[in-house]
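Q: Just to be clear, the model below is a prediction. Sequence and coordinates:
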Amino acid sequence: MAMRGLMLLSALAMLVMLVSGAEKPRIKVKTTVAVDEEDCIRAVDGKQVSIAHTGFFMNPIDGSVLDQFDSNGDEPLTYTLGDSFILKGLNMGVRGMCVGEKRQIFIPPALAFDDKSLFRDGPPNGLPAGIPVMYNVELLAVKGGETKATFQGSIVPGILAVLIVTAIIAFVVHRIWVAQNTPLPPKKKEKKKKF
């Protein structure tokens, strides 16, 4: 019984690690120009966004800029937020922005050109693997209806997921403890019937 409980607890611990995203690569975002929350028209998945952007290769050792590799010049890049043909890290960094906001988005290689779901054969155009990138981005427009400020992009959904998983683990641990520490009722003696 104790072995089953330990196996269940280790499975639940792995579930918590998956939900908390401990092993997932993460972007870093620095807001350089903010927009008041009451004036915010927010970029969310499924909406068409227009951005001005400039991309830079970063030195993976010291984080210095190596070279500029991408810029949309005078024409904004317009796409549906969440589309799979855009770097995952760029989508993640634009998600939650307000129109007029400017950000620097630092993207690890796994969410940029080393992303196997986007580039099956490795980074495109002979780019070396393992190179992080940084984008300077300004959100110019969001089309498809106004999306006022929401929990999108905040830490609240992540905290709620961790709390729910913690509550489930506590419930399971309690049930295991109760099952192991509750004495069995005494067996009733059957009376022998005489014929």
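A: Alright, I've got the coordinates.
Q: which parts of stretch 84-98 are buried?
A: For stretch 84-98, the buried set under the neighbour-count rule, 16 or more other CB atoms under 10 Å, comprises 86-98. To be clear about C-beta, it is placed using only N, CA and C from the backbone, and glycine gets the same treatment.
Q: quick one: least confident helix or strand in this protein?
A: Within the chain, confidence by mean pLDDT, DSSP states H and E is lowest for helix 2-20 among all helices and strands, at a mean of 48.
Q: low-confidence ranges in this protein?
A: 1-23, 117-126, 128, 145-160, 190-195 (pLDDT under 70).
Q: could you show me where the helices are in it, in order?
A: 2-20, 88-94, 156-181 (DSSP state H).
Q: tally of neighbours for residue 134?
A: By the measure other CB atoms under 10 Å, the count of residues near residue 134 is 22.
Q: Next, work out how far apart it and residue 73 are.
A: Distance from residue 134 to residue 73, counting by CB to CB, to the nearest Å: 18 Å.
Q: need the strands for the protein, in chain order.
A: In the chain, the strands defined using DSSP state E lie at 28-33, 48-58, 65-71, 77-80, 102-107, 133-143.
Q: So for residue 173, which of the ones you listed sits nearest?
A: strand 28-33 (35.7 Å; CB to CB).
Q: buried stuff in that closest one?
A: residue 29.
Q: Run a quick neighbour tally on residue 185.
A: Other residues close to residue 185 by other CB under 10 Å number 6.
Q: show me what contacts it?
A: If a contact means CB atoms under 8 Å, 6 or more residues apart in numbering, then residue 185 has no contacts.
Q: Quickly note the distance from it to residue 175.
A: Residue 185 sits 19 Å away from residue 175, going by CB to CB.
Q: and what of residue 85?
A: For residue 85 relative to residue 175 (CB to CB), the value is 47 Å.
Q: Residue 170 and residue 44, how far apart?
A: Residue 170 is 33 Å from residue 44, where distance means CB to CB.
Q: Please disregard the earlier target; I meant residue 32.
A: For residue 32 relative to residue 44 (CB to CB), the value is 21 Å.
Q: what's the closest non-adjacent residue to residue 110?
A: Closest residue to residue 110 apart from its sequence neighbours, by CB to CB, 6 or more residues apart in numbering: residue 25 at 4.3 Å.
Q: Just list the residues touching the one you found, thanks.
A: Neighbours of residue 25 in contact, by CB under 8 Å, 6+ apart: 108-111.
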